[in-house]
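Q: Just to be clear, the model below is a prediction. Sequence and coordinates:
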Amino acid sequence: MGRGRFTAALILSLFFGVLPRSGVAHPHVWISNVATFVFEGDKIVALRLEWTFDEFYGAMMGEEFDANRDRRFDAAEIATIHDKAFANLKSFNYFTVFRAGGQTVKFEGAENFSAEIVKGTVVYRFTLPLPAPVDPATEKVSLSVHDPTYYIEVVLDRVDPVRYEGNKGPPCHFAISEDKENPIWFGMVFPLHVALTCGGS
Amino acid sequence: MRSGRALIVAVLVALAVVLFAAPAAANPLTGGKPPAEAASPPAAASPAASGWYAEFWRLVRNLQREASRQIGRHMYAIAKGESPTALLVGMGLAFLYGVLHTLGPGHGKMVVASYFLAHDARIGRGLMMGLKIAVTHVISAVALVWLADITFRKMLGGSPAEVRWVQLASYASIAAIGVWMFYRAVRRSFAGAGDGHGHDSCAHDHAPAHGHEHNAKQARRQQSLLAVTAGLAPCTGALLIMLYALANGIVLSGILLVACISAGMALAVAAIGIFCILARQAALAAVTRDSRPRRWFASGLEYLGAVAITGIGALFFVATMQGTVVAG
């Protein structure tokens, strides 16, 4: 019995060779995400994301970037945040896996970036224009926002995570699931996946 | 004991040399690159992602996330002075976080489990072990934030170097203690081989009364050493709480919350320790009444425990060194 447990503990720790790596206890930062599909007519032309950080990371950002300590970010401070704590996300495609008709979209850049201190934490807002409009009635559209390194865990806002703006086409609805096809963190974590359906299909 | 200490010193010196080669985990917001396409083949779910073990781990992780986010919200309320109950609720959450954190992946409980499966101990020792780990953990978190001057700025870019150093030192010491335990097991086997009287009383063997006492004292010292090394590396949660408290002028509340995390850890570690003490007793009782096979079994467990503790220390050490490769 004792020996069995030992062996079990050893095998588990070796087999999941990954587990000890999270001795550094990933994730370190949490983001609660609200995604808005921005339509022009009946086509999606952009994604607008609103990221609310956890209180601890928010406090960190406040200490680091609220240079004049007025508990709000002014234009200059937002510019600094953009350069130091946002611009690098371009190489991560803004953590945003947007698939249309099976293709993953590569974003050219983000627009209208803003950062705001809200209730002791920080909220990022930005827009990701799609390189080409996507018709969700004819193409299969899905969205998964996650950090592939799992340093940050992105979860969906609990109340109202997916919104639409300016949709003149058939009404859309969404379904949230775990993306079992594309696990991260050594295949241990399934990022959240939003599947969009517009019209009858 | 002296050779054990020498060993620890030697490992720490080697560690100091290696340390500077260890870069920190990267925060993708501020730096770092995504893992290369080639390095991440069309990932299949690892077998670890399904099954009860993964489900359990996922549940723990989700609960831990909720606890940590709620602690954040309550600390905001404490700092604002809005709610008189915020501190109490926060303390309850911190306790829960401590329990969950201990159940999650970590070296502490594995070390404790291995130790108590390998050595005879009274239940009280299991409780003490939990308590000692917890006290060390509080002191370490408070000291790192206050004395080592870990700032939010350092946490922002990833794991601060100081924390990694403490982690690496802790894991190396655990491995060293494992080696020392192995050495003791070898010595004991040889001493035992010359001893013909086949005492029935398990692992406290063969020696005259003063030696027995000496052994017990040594065992206690070993337990303390293990507890201190295992509790030395503070969890991120405790560090963040202290940082937040310091930044918002609620240091006392911060220390209280960290103490609650540690109390939760103590409870969980003690429970695991006591479970293993009882499991060992049951296993030994089940093996046989005959003294010789039982002694073999007991010394087998001792070897296994030493190897396991060395392995855990080494594994976590290597993993912490590599943690970086993972983060990109």
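A: Good, I have the coordinates. Numbers count the residues shown, from 1 in each chain, chains lettered A, B, ... in the order given.

Q: So which residues of the stretch 1-150 of chain B form helices?
A: Counting by DSSP state H, counting those that start in this stretch, the stretch 1-150 of chain B has these helices, from start to end: B:2-19, B:51-80, B:86-103, B:107-118, B:123-146.

Q: Looking at the ones you listed, which is nearest to A:N88?
A: With distances scored as C-beta to C-beta, the stretch of these nearest to A:N88 is helix B:51-80 (24.0 Å). For every residue, glycine as well, the C-beta is placed using N, CA and C.

Q: Show me where the stretch 201-328 of chain B has its helices.
A: Taking DSSP H, counting those that start in this stretch as the test, the helices found in the stretch 201-328 of chain B are B:209-231, B:236-247, B:251-287, B:291-327.

Q: JSON lines for the helices of the stretch 1-150 of chain B, including distance to A:L47?
A: Shown next, in JSON lines, are the helices of the stretch 1-150 of chain B (distance: least, C-beta to C-beta, whole Å):
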{"stretch": "helix B:2-19", "distance to A:L47": "43"}
{"stretch": "helix B:51-80", "distance to A:L47": "25"}
{"stretch": "helix B:86-103", "distance to A:L47": "34"}
{"stretch": "helix B:107-118", "distance to A:L47": "41"}
{"stretch": "helix B:123-146", "distance to A:L47": "39"}
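
Q: Between those helices, which one is closest to chain A.
A: Proximity to chain A (C-beta to the nearest C-beta) singles out helix B:51-80 among those, at 2.9 Å.

Q: Give me the angle between that closest one and helix B:236-247.
A: 10 degrees (axes from the mean of the first three to the mean of the last three C-alpha atoms, to 10 degrees).

Q: For chain A, which helix or strand comes out least confident on mean pLDDT?
A: Taking mean pLDDT, DSSP states H and E as the measure, chain A has helix A:2-15 as its least confident helix or strand, at a mean of 46.

Q: Helix or strand next in line after that helix, which one?
A: On the C-terminal side of helix A:2-15, the nearest following helix or strand under DSSP states H and E is strand A:29-40.

Q: list the helices and strands the next helix or strand after that next one packs on?
A: Sequence-wise, the next helix or strand downstream of strand A:29-40 (DSSP H and E) is strand A:43-53. Other elements packing on strand A:43-53 under the criterion 3 or more C-beta pairs under 8 Å, 6 or more residues apart in numbering or on different chains; DSSP states H and E are strand A:29-40, strand A:96-100, strand A:121-134, strand A:141-145.

Q: hang on, the earlier thing: hey, which of the helices of the stretch 1-150 of chain B is tucked in deepest?
A: Sort these by mean neighbour count, taking mean count of other C-beta atoms under 10 Å in any protein chain shown, and helix B:107-118 sits at the top with a mean of 27.

Q: what's that one packed up against?
A: In this structure, helix B:107-118 makes packing contacts with helix A:2-15, helix B:86-103, helix B:123-146, helix B:161-193, helix B:209-231, helix B:251-287, helix B:291-327, judged by 3+ C-beta pairs under 8 Å, 6+ apart.

Q: Of those helices, which is nearest A:I78?
A: Set against A:I78 and scored by C-beta to C-beta, those come closest in helix B:291-327, at 26.7 Å.

Q: Go ahead and flag the most central residue of chain B.
A: Residue closest to the mean C-alpha point of chain B, counted by C-alpha atoms, centre = their mean, is B:G108 at 1.9 Å.

Q: The closest residue to B:V287 other than its chain neighbours and B:A121, how far apart?
A: Counting by C-beta to C-beta, 6 or more residues apart in numbering or on different chains, B:V287 lies nearest to B:F297, which is 4.8 Å off, once chain neighbours are set aside. Applying C-beta to C-beta, to the nearest Å, the value for B:F297 to B:A121 is 17 Å.

Q: for B:Q222, same thing?
A: As defined by C-beta to C-beta, B:Q222 lies at a distance of 11 Å from B:A121.

Q: With neighbour numbers in mind, choose between the two.
A: B:A121 (23 against 18; other C-beta atoms under 10 Å in any protein chain shown).

Q: Quick check: that one touching B:R220?
A: No. Applying C-beta atoms under 8 Å as the test, B:A121 and B:R220 come out as separate, 9.5 Å apart.

Q: between the helices and strands packed on strand A:43-53, which one is nearest to chain B?
A: Using C-beta to the nearest C-beta as the criterion, the shortest distance between chain B and the helices and strands packed on strand A:43-53 is 6.4 Å, found for strand A:29-40.

Q: wait, which of the helices and strands packed on strand A:43-53 is closest to B:K80?
A: With C-beta to C-beta, the closest approach to B:K80 among the helices and strands packed on strand A:43-53 belongs to strand A:121-134: 12.8 Å.

Q: just checking, what packs against the closest one?
A: Under the contact definition 3+ C-beta pairs under 8 Å, 6+ apart, strand A:121-134 sits against strand A:43-53, helix A:55-65, strand A:96-100, strand A:111-118.

Q: pLDDT averaged over it, what's the number?
A: When pLDDT is averaged over strand A:121-134, the result is 96.

Q: thinking again about what came up before, between the helices and strands packed on helix B:107-118, which one is closest to A:N33.
A: Between A:N33 and the helices and strands packed on helix B:107-118, the tightest spacing by C-beta to C-beta is seen for helix B:291-327, at 20.9 Å.

Q: Provide the angle between the direction of the closest one and the direction of helix B:107-118.
A: On the basis of the same axes, to 10 degrees, helix B:291-327 is oriented at 170 degrees to helix B:107-118.

Q: tell me what helix B:291-327 is packed against?
A: Counting contacts by 3+ C-beta pairs under 8 Å, 6+ apart, helix B:291-327 is packed against helix A:2-15, helix B:107-118, helix B:161-193, helix B:251-287.

Q: If we use 10 Å, what do you get?
A: Using 3 or more C-beta pairs under 10 Å, 6 or more residues apart in numbering or on different chains; DSSP states H and E as the contact criterion, the neighbours of helix B:291-327 among helices and strands are helix A:2-15, helix B:2-19, helix B:107-118, helix B:161-193, helix B:209-231, helix B:251-287.

Q: Tell me what the most centrally placed residue in chain A is bridged to.
A: If you average the C-alpha coordinates of chain A and look for the closest C-alpha using C-alpha atoms, centre = their mean, you land on A:V145, 3.3 Å from that point. Counting by DSSP bridges, A:V145 forms beta bridges with A:T96.

Q: ok, now which ones touch it?
A: A:31, A:33, A:35, A:47, A:49, A:51, A:94-98, A:154-156, A:191-194 (C-beta atoms under 10 Å, 6 or more residues apart in numbering or on different chains).

Q: Swap in 8 Å and give it another go.
A: Applying C-beta atoms under 8 Å, 6 or more residues apart in numbering or on different chains to A:V145 gives the contacts A:N33, A:A35, A:L49, A:F95, A:T96, A:V97, A:V154, A:P191, A:L192.

Q: of all these, which comes closest to A:K43?
A: Out of these, the one with the shortest distance to A:K43 is A:A35. That distance is 16.7 Å, counting by C-beta to C-beta.

Q: how close does the closest one get to A:V194?
A: Taken as C-beta to C-beta, the span from A:A35 to A:V194 is 7 Å.

Q: Next, show the common contact partners of these two.
A: Any residue near both A:A35 and A:V194 by C-beta under 8 Å, 6+ apart counts here, and that gives A:L143, A:L156, A:P161, A:V162.

Q: Stretch B:220-238 close to chain A?
A: Yes. Stretch B:220-238 lies within reach of chain A by C-beta under 8 Å from any C-beta of the partner chain, at B:A233, B:C235, B:T236.

Q: Can I get these in CSV including neighbour count?
A: Listed next are the residues of stretch B:220-238 next to chain A as CSV, based on neighbours: other C-beta atoms under 10 Å in any protein chain shown:
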residue, neighbour count
B:A233, 27
B:C235, 25
B:T236, 19
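
Q: Done for today, thanks.
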